[in-house]
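Novice: From the sequence below, what's the structure:
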Amino acid sequence: MITRKPDWLRVRMKTTPEFYRVDSILSKYRVHTICKEALCPNIYECWGSGTATFLILGDICTRNCRFCSVKKGNPSGVIDEDEPSRVALAARELGLKYVVITSVDRDDLPDGGACQYAKTIKAVREHIDNVVIEVLTPDFQESYNSIKTVVDAKPDVYAHNIETVERLTPVIRDRRAAYKRSLKVLRIVKDIDDSMITKSSILVGFGEKPYEVIKALEDLRNVGVDIVTIGQYLQPTTKHFPVAEYVEPKTFKYYEEIGYKLGFKLVISGPLVRSSYLASKYYDEFIRKLKGDPSSVH
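Specialist: Predicted coordinates for the structure are as follows:
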């Protein structure tokens, strides 16, 4: 077990007037964020720049992944019907033009919460003109109909995270999650709409080997994933899975180079990178690449 963080993982925990403005708006509309619930190390940077990632379907997750600090339990089928409109109003007041929506797992619901995603996407579009929407969904127990419900709502980016390498999936993730299931979700999205931008994320530092990370990248490319993010796992509390290794920045750069060689259109790799970290900025870079902007070519 490693406890002392290296210098490259030092986070500046500084609150600003913008940080408090974001916090006030989120509280006003009673919306949750993964930033706060998952104890994200980038919360000061992101809220300080006026952005946040919305967490829908409540704040209680039906799964018990060992790396995640979101509350666990049984929401008993309860859905907040007014949540989509509150998310939309909060996003509008924040002035967001790029909205990221994720959720807890809701295995207690027949559709896993897919309809709530669709309603939230619709509400955001009704309240914000020319908005770009990224969703980060659970696996919906690989239900084709649930995945299609979200795809048909037309988010601009559909993300689903594999989180770790195949060998460590049963150790790190809830027993109901599966490496191949997550790959299948991403494949289904492309099968439904091959023009949909797909995205996934890998955390390192659980004790994986570099060749396993590369194999995971290969697997993601084989199901058509366009964008991949790679970041350092940080133990949220002492009750969570311990950090096995703090991966050096040069290794993240190596994974980035491998990712581009494999054909990913965009690879974001670094110690503090998370799935929705600077999502708007990287989406713009992705679009520039598609348009052949030479300044964005690696």
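
Novice: Put the alpha carbons of the host helix or strand of residue 55 into CSV.
Specialist: Assigned by DSSP states H and E, residue 55 belongs to strand 53-56. Written as CSV, here are the backbone C-alpha positions of strand 53-56 (Å, rounded to 0.1, in the frame of the first residue of the first chain):
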residue,chain,number,x,y,z
THR,A,53,-20.5,17.1,-14.3
PHE,A,54,-24.1,16.3,-13.4
LEU,A,55,-25.0,13.1,-11.6
ILE,A,56,-28.6,12.1,-12.3
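
Novice: Could you tell me which strands that strand is paired with, and in which direction each runs?
Specialist: If you go by DSSP bridges, strand 53-56 pairs up with strand 32-33 (antiparallel), strand 98-103 (parallel).

Novice: if we look at the least confident helix or strand in the chain by mean pLDDT, which residues are touching it?
Specialist: Within the chain, no helix or strand scores below helix 279-290, which has a mean of 74 by mean pLDDT, DSSP states H and E. Contact partners of helix 279-290, identified using C-beta atoms under 8 Å, 6 or more residues apart in numbering, comprise 51, 53, 97-98, 100, 132, 134, 156-157, 197, 226-227, 265-266, 268, 295-297. Heads up, the C-betas are built off the backbone N, CA and C, glycines and all.

Novice: Keep only those of those residues that are in strands.
Specialist: Among the contacts of helix 279-290, the members falling in strands (DSSP state E) are 53, 98, 100, 132, 134, 157, 197, 227, 266, 268.

Novice: Going through those, which ones are buried?
Specialist: 53, 98, 100, 132, 134, 157, 197, 227, 266, 268 (16 or more other C-beta atoms under 10 Å).

Novice: which residues of the protein fall in helices?
Specialist: With DSSP state H as the definition, the chain shows helices at residue ranges 17-28, 34-37, 43-48, 83-94, 114-127, 144-152, 169-172, 179-192, 210-222, 249-262, 279-290.

Novice: Any idea which of the ones you listed gets closest to residue 162?
Specialist: helix 179-192 (4.6 Å; C-beta to C-beta).

Novice: Could you count how many residues lie near residue 69?
Specialist: 16 (other C-beta atoms under 10 Å).

Novice: next one: residue 263
Specialist: The local packing of residue 263 (other C-beta under 10 Å) involves 12 other residues.

Novice: Apart from its chain neighbours, what residue comes closest to it?
Specialist: residue 221 (5.6 Å; C-beta to C-beta, 6 or more residues apart in numbering).

Novice: any idea how far the one you found lies from residue 186?
Specialist: 10 Å (C-beta to C-beta, to the nearest Å).

Novice: and what of residue 255?
Specialist: As defined by C-beta to C-beta, residue 255 lies at a distance of 19 Å from residue 186.

Novice: Those two: who's more crowded?
Specialist: For the pair residue 255 and residue 186, the greater number of neighbours falls to residue 186 (26 against 21), based on other C-beta under 10 Å.

Novice: ok so, going back, now the two most distant members of the ones in strands among the contacts of helix 279-290.
Specialist: In terms of C-beta to C-beta, these reach their longest pairwise distance at 53 and 266, which sit 18.0 Å apart.

Novice: what's the model's confidence in the strand holding residue 55, averaged?
Specialist: The average pLDDT for strand 53-56 rounds to 95.

Novice: Low-confidence ranges, the stretch 101-250 of the chain, go.
Specialist: Under the criterion pLDDT under 70, no range of the stretch 101-250 of the chain is flagged.

Novice: Recalculate using a threshold of 90.
Specialist: Along the stretch 101-250 of the chain, segments meeting pLDDT under 90 span 235-239.

Novice: Please identify the deepest-packed of the strands paired with strand 53-56.
Specialist: Comparing the strands paired with strand 53-56 by mean neighbour count (mean count of other C-beta atoms under 10 Å), strand 98-103 comes out on top with a mean of 26.

Novice: any idea of the angle it forms with helix 279-290?
Specialist: Interaxial angle, strand 98-103 versus helix 279-290 (axes from the mean of the first three to the mean of the last three C-alpha atoms, to 10 degrees): 120 degrees.

Novice: any idea how far residue 78 lies from residue 19?
Specialist: Distance, residue 78 to residue 19, using C-beta to C-beta: 31 Å.

Novice: And these two? Which one has more around it.
Specialist: Per other C-beta under 10 Å, whichever of residue 78 and residue 19 has more neighbours is residue 19, with 18 against 12.

Novice: Check which residues of stretch 22-40 are buried.
Specialist: Buried, per 16+ other C-beta under 10 Å, within stretch 22-40: 22-23, 25-26, 29, 31-40.

Novice: Could I get the average pLDDT for that stretch?
Specialist: Across stretch 22-40, the average pLDDT comes to 90.
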